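In: below is the sequence, then the predicted model.
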Amino acid sequence: ANRLNTSSKKAVVVTARVHPGETNGSWVMEGFLDFLLGDSEDAQILRENFVFKVVPMLNPDGVVVGNYRCSLAGRDLNRNYKTLLKDSFPCVWHTRDMVKRLMADTEVLLYCDFHGHNRKNNVFMYGCSSRGDTSLTLKERVFPLMMSKNASNKFSFKSCKFRVEKNKEGTGRISMWKLGIRNSYTMEATFGGSTLDDRRGTHFSTQDLKSLGFYFCDTLLDFCDPDKTKVTYCLTELATMLGKKQLQNAEKKVKKKKKRLKSRRERNGLQPDGARSSARPKVLQRSSKSIEADLPQDNTDKQRKREKPVGGERRKQQ
Ligand SMILES: [Zn+2]
């Protein structure tokens with residue numbers, strides 16, 4: 001029996017290797033394709049229920065010439081998805097155009113671009129975030145959280161980030177999200193290894209990377225299961241997680257406010273230094289007087305005060 005009973009097929013778009021040097025993205029892609037084209041029951045269910053659009057290598061020119069990050073023209077294609085220059089950035093221009101045409105036909109459930117990460121460990125995702133809309137904020141995090149449950153010793157939900165950064169608007173992830181694909185992700189697979197569970201401290205093999213392609217398919221079926229138990233469970237967990245985070249952030253802010261000592265200028269409500277340079281000596285005089293007035297008065301202070309008029313008179317005499 002099929003786990004899905006939709007009449008019209010939703011679409012899933014998967015791409016890889018926009019950055020030529022990130023070879024691990026290709027291993028994940030190979031694992032994904034091996035599984036999807038295989039004989040398993042789950043693979044059949046996936047093929048029957050979804051339209052898959054796959055671009056296994058977005059930057060073949062860059063790969064052939066051995067670039068690490070750029071195209072043949074020396075450009076980072078993953079910063080140029082917004083381009084109107086079809087001939088300068090053909091791969092990403094046509095990918096985005098293909099997605100636009102696909103969206104006119106059917107709902108695109110999910111977009112994911114496979115990458116490799118050269119500093120962080122584990123596998124994780126970058127997603128987008130609809131600020132201000134709590135229910136969307138939670139929904140956008142469900143797929144990555146499910147990945148972390150299915151591949152718990154390789155995929156770290158803690159390392160996932162959900163942001164729409166200004167300087168990343170030209171990425172596949174953000175441009176697809178802006179087209180209207182709510183679940184739009186970059187999946188980063190480490191060049192290193194795992195820090196999680198029983199795999200802690202071990203390097204990833206190509207087989208490990210391929211397994212991520214399998215977990216991706218497995219998670220897709222969980223994500224779309226008509227029995228919403230797992231999705232609901234994840235949403236509840238996310239609500240608790242985000243609630244705690246907001247509380248922690250609020251506490252941090254209060255602590256910061258309490259900790260921070262104010263400068264004399266702030267405490268006395270004085271003008272910033274140099275704001276009234278001609279009146280500066282006066283201000284300083286006034287404020288130093290008020291400081292003295294606040295000091296605890298002992299005998300020597302009283303003595304000094306008594307002496308003051310005398311000193312003043314002396315100065316006048318000179
Ligand atoms: Zn990359």
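Out: Everything's here; your move. Residues are numbered from 1 along each chain as shown.
In: use CA for all of it now, contacts and neighbours both
Out: OK.
In: tell me the domain boundaries of the protein?
Out: 10-226, 228-270 (automatic domain parsing).
In: and the first one, how far out from the chain middle?
Out: It refers to domain 10-226. How far domain 10-226 lies from its chain's middle: 14 Å, per CA atoms, centre = their mean, to the nearest Å.
In: quick revisit: deepest-packed of the domains of the chain, please.
Out: domain 10-226 (a mean of 19; mean count of other CA atoms under 10 Å).
In: I'd like the average pLDDT over it.
Out: What domain 10-226 shows for mean pLDDT is 96.
In: ends of that domain, how far apart?
Out: Terminal residues of domain 10-226 are spaced 14 Å apart (CA to CA, to the nearest Å).
In: can I assume Cys160 is in contact with Met125?
Out: Yes. Counting by CA atoms under 8 Å, Met125 is a contact partner of Cys160 at 4.9 Å.
In: tell me the pLDDT of Lys316.
Out: Model confidence at Lys316 (pLDDT) stands at 41.
In: over to Lys245?
Out: Lys245 is assigned a pLDDT of 84 by the prediction.
In: would you map the strands across the stretch 151-300 of the chain?
Out: 161-162, 183-190 (DSSP state E, counting those that start in this stretch).
In: nearest to Lys252, out of these?
Out: Closest to Lys252 of those is strand 161-162 (CA to CA; 20.1 Å).
In: which neighbours does that closest one have in its sheet, and in what orientation?
Out: Applying DSSP bridges, strand 161-162 is found paired with strand 123-127 (parallel).
In: next, the angle strand 183-190 makes with the strand it pairs with.
Out: Inter-element angle recorded for strand 123-127 and strand 183-190: 150 degrees (by axes from the mean of the first three to the mean of the last three CA atoms, to 10 degrees).
In: what comes into contact with strand 123-127?
Out: Outside of strand 123-127, the residues within contact range by CA atoms under 8 Å, 6 or more residues apart in numbering are 140-141, 144, 154-157, 159-163, 173, 183-190.
In: pull the CA atoms of it into CSV?
Out: The C-alpha coordinates for strand 123-127 follow below in CSV (Å, rounded to 0.1, in the frame of the first residue of the first chain):
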residue,chain,number,x,y,z
VAL,A,123,26.3,17.2,8.1
PHE,A,124,23.9,20.0,8.5
MET,A,125,21.5,22.3,6.6
TYR,A,126,21.1,26.0,6.0
GLY,A,127,17.5,27.0,5.6
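In: note down every partner strand of the helix or strand hosting Cys112 and its orientation.
Out: In this assignment (DSSP states H and E), Cys112 forms part of strand 108-117. With DSSP bridges as the test, strand 108-117 is paired with strand 10-16 (parallel), strand 183-190 (parallel).
In: surely Cys217 and Gly31 touch.
Out: No. Checked against CA under 8 Å, the pair Cys217 and Gly31 is beyond contact range at 9.7 Å.
In: identify the bridge partners of the most centrally placed residue in the chain.
Out: Per CA atoms, centre = their mean, the C-alpha nearest to the average position across the chain is that of Lys161, at 2.7 Å. Applying DSSP bridges to Lys161 gives these bridge partners: Tyr126.
In: what sits against it?
Out: By CA under 8 Å, 6+ apart, Lys161 lies in contact with Met125, Tyr126, Gly127.
In: and with 10 Å instead?
Out: Residues near Lys161 by CA atoms under 10 Å, 6 or more residues apart in numbering: Phe124, Met125, Tyr126, Gly127, Cys128, Ser129, Arg141, Pro144, Tyr185.
In: on contacts alone, who are the packing partners of the longest helix along the chain?
Out: In the chain, taking DSSP state H as the definition, the longest helix is helix 229-259. Here helix 229-259 touches helix 134-139, helix 142-150, helix 206-224, going by 3 or more CA pairs under 10 Å, 6 or more residues apart in numbering; DSSP states H and E.
In: quick revisit: Asp197 is nearest to which of the strands paired with strand 108-117?
Out: strand 183-190 (16.2 Å).
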